[in-house]
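In: Prediction below, plus the sequence it came from.
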Amino acid sequence: MVPLLAAALEAAAIEAPVTHALNRLIAGELPLDEWVAQVRATVPPPARFDSGRAWRRWWWRLRMRMRQRPA
C-alpha cells in the first residue's frame, strides 16, 4: 500500500516527505536511522483553519437563525 500511496501523492504533486521516505525505507533505498531522523525533522504544515473559531462562528449563526424564527 505504501508504494501505491507514494506514487499517487507524487502524481498529484502533494508533498508527503514522511510517506516518500517510508516508501524508500521499504524498498531498501534508505537506512532506518536516516528515516527516523527525517521523520523527526519533518515539520507538519500549519492548520488550514482554526476549528475552535469555526465552531464559534457556526454556533453564532445558529443562534441568529433561531432568533429570527417567527413565533
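Out: Done, it's in.

In: which residues touch stretch 33-49?
Out: When contacts are defined by CB atoms under 8 Å, 6 or more residues apart in numbering, stretch 33-49 is touched by residues P17, V18, A21, L22, R24, L25, L30. Quick note: C-beta positions are derived from backbone N, CA and C, even for glycine.

In: From these, list just the buried residues.
Out: Burial by neighbour count, judged by 16 or more other CB atoms under 10 Å, picks out A21, L22, R24, L25, L30 from these.

In: Could you count how many residues lie near P46?
Out: As a burial measure, P46 scores 5 neighbours (other CB atoms under 10 Å).

In: next one: the helix ranked longest in the chain to chain centre, how far?
Out: Secondary structure of the chain per DSSP state H: the longest helix is helix 51-68. Relative to its chain's centre, helix 51-68 lies at 26 Å (CA atoms, centre = their mean, to the nearest Å).

In: next one: stretch 13-29
Out: Per CA atoms, centre = their mean, the displacement of stretch 13-29 from the mean C-alpha position of its chain is 16 Å.

In: What lies in contact with that stretch?
Out: Residues outside stretch 13-29 that contact it (CB under 8 Å, 6+ apart): 2-3, 5-6, 9-10, 30-32, 34-35, 38-39, 42.

In: Of those residues, grab the buried ones for ChimeraX.
Out: Here is the ChimeraX command that selects the buried residues among these (16+ other CB under 10 Å):
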select :6,30,35,38
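
In: Need the contacts of stretch 13-29 in CSV (columns: secondary structure).
Out: Supplementary listing: these in CSV, determined by DSSP: H, G, I helix; E, B strand; the rest coil:
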residue, secondary structure
V2, helix
P3, helix
L5, helix
A6, helix
L9, helix
E10, helix
L30, coil
P31, coil
L32, helix
E34, helix
W35, helix
Q38, helix
V39, helix
T42, coil
